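J.: when you get a sec, could you give me coordinates for this:
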Amino acid sequence: MSLAQYFPFLYGKKHGFVTRLDISAFEKSLKRIDFMANYFDVSFENIEKIPSEGKGLIVGNHGPGGMDAVFLIKYIYEKNKRVVRGLADRALFKMPVGRVGVAQMGVIEGDRQQAIDMLNEGHLLSVYPGGIRETAKKPDEKYQLRQFWGKADGFVKVCLETGAPIIPVACVGIDEVFSQLRTSEQMQNNIFMKLCQRYMGSDKYTTPLYIGRGLLPHKVKLHYLVGDAIEMEYGPDAIDNPKIVSSIKEQVIVALEDLLDKGLIDRHVPKRQKRDG
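T.: Alright, predicted model coming up:
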C-alpha cells in the first residue's frame, strides 16, 4: 500500500481522505476475507442491475459490525470488476489499526464534498444511512430502517447535486450473524464503553454485547438483493426543497423494505416487524 495511505499527513491529507486506490493492496485485502465469504455463502440476486460503468450510489441496510459492506465490495469487484468505494463513519479512521485495513479496501470517509467529487469522477460508491445506530439495533428491530435513518438525507442531496442514480441493495441474513447478550442501551454505563464514548466523542458508538458460534459469527447465508436504480428527476436546485428530498428518501426506504421482505419470504422467515420512523 502507498505511503499516502499509511502516512496521509505527509501529503497534506487526513486518514479517510486519500482517494487514490492501490489495486494490488485492494485485491489482497479481498482475498483475506475469502474464508468468511465462503462461511456465509455470500450470494447476489440481480447483480446485473449494478451499473457496469459510470457513477452511482449504492444504498443499503446495515447489520452488526458492518460486515455487509465488505462482502458487497468484494463480490461486485469479483463478479463485475467494478470497484465500490465505501463511504464510512469517520470513527473508523480514528482507529490506528483498523483505518489502514479499511483504506486498503477503498473505503473513504463519508464527507459530502468528497462524495460529490468522487461521483463526478464516475465512481461507484456505497453508503449506509442508518450508520452505527442501525448496526446496534435491538433483536426485535431486525431489518428495520426508518427509526435509524432519522434525518439522514445527505445521500439524497449528493445524488441531486451530481445526478447519480441510487441503487438499493438489501442484505438478508446480516441481522442474524450475532445474538445479543446485552443491548447497546444496557451497555451504556459499561466502563469500557464509557472509554469508547469519550474517545469517539459520542455515545452513539456504544455497541451491544454479542455472542456467535464460538469465536465465529453464527453460520447464516448472506443474500444480497439488488433493486432497480432510482434516477434523479431533479437537479441541484431541488436540494433545498425538503419535500423533494423527503420523497426520494422515502422511495429508497420503500424499495429496500420491499427487497428485504422478498428475501425473508424466500428464506421462509417472517417479514420484518414494521415500525414507523
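
J.: residue 43 against residue 263, yeah?
T.: No - Residue 43 is beyond contact range of residue 263, at 10.6 Å (criterion: C-beta atoms under 8 Å). Yep, even glycine has a C-beta here, placed from its N, CA and C like the rest.

J.: residues shared between the contacts of these two?
T.: Common neighbours of residue 43 and residue 263 are listed as residue 223 (criterion: C-beta atoms under 8 Å, 6 or more residues apart in numbering).

J.: tell me, how many residues neighbour residue 99?
T.: 22 (other C-beta atoms under 10 Å).

J.: does it touch residue 18 like I think?
T.: No - if you go by C-beta under 8 Å, residue 99 and residue 18 don't touch, sitting 10.4 Å apart.

J.: bridged to the residue nearest to residue 123 when sequence neighbours are not counted, which residues?
T.: Distance criterion C-beta to C-beta, 6 or more residues apart in numbering; nearest residue to residue 123, sequence neighbours excluded, is residue 85 at 5.4 Å. With DSSP bridges as the criterion, residue 85 is bridged to residue 125.

J.: how many residues are close by residue 85?
T.: Counted with other C-beta under 10 Å, the neighbours of residue 85 add up to 22.

J.: right, and it touches residue 127 too?
T.: No - using C-beta under 8 Å as the test, residue 85 is too far from residue 127 to be in contact (10.0 Å).

J.: returning to what we had before: which residues sit in contact with the residue nearest to residue 123?
T.: With C-beta under 8 Å, 6+ apart, residue 85 has these contacts: 19, 21, 106-108, 118, 123-126.

J.: same deal with residue 188?
T.: 203, 206.

J.: if we use 6 Å, what do you get?
T.: Residues in contact with residue 188 (C-beta atoms under 6 Å, 6 or more residues apart in numbering) are residue 206.

J.: ditto for the one 5 residues further on
T.: With contacts defined as C-beta under 6 Å, 6+ apart, the neighbours of residue 193 are 187, 206.

J.: give me phi/psi at the closest residue in space to residue 262 that isn't next to it in sequence?
T.: Nearest non-adjacent residue to residue 262, counting by C-beta to C-beta, 6+ apart: residue 225, 6.4 Å away. Backbone torsions of residue 225, given as degrees, to the nearest 10, read phi -120, psi 120.

J.: quote the end-to-end distance of stretch 46-66.
T.: End-to-end distance for stretch 46-66, by C-alpha to C-alpha, to the nearest Å: 22 Å.

J.: same check, this time on stretch 134-141
T.: End-to-end distance (C-alpha to C-alpha), stretch 134-141: 9 Å.

J.: show the average pLDDT along it.
T.: For stretch 134-141, mean pLDDT is 92.

J.: going forward, the N-terminal residue is numbered 484.
T.: OK, 484 is where the count begins now, so the last one is stretch 617-624.

J.: please enumerate residues in contact with it?
T.: 545, 547, 549, 631, 663, 666-667, 690-691.

J.: next one: stretch 677-687
T.: 574, 615-616, 688.

J.: looking at those, which two lie furthest apart in space?
T.: Greatest spacing in these, by C-beta to C-beta: 574 and 616 (12.1 Å).

J.: ok, the residue most central in space within the chain - contacts?
T.: Centroid-nearest residue in the chain, with C-alpha atoms, centre = their mean: residue 611, separated by 3.9 Å. Counting by C-beta under 6 Å, 6+ apart, residue 611 makes contact with 543, 545.

J.: return the distance of the helix ranked longest in the chain from the chain's centre.
T.: When the chain is parsed with DSSP state H, its longest helix is helix 725-749. Centroid separation for helix 725-749 versus its chain: 16 Å, with C-alpha atoms, centre = their mean, to the nearest Å.
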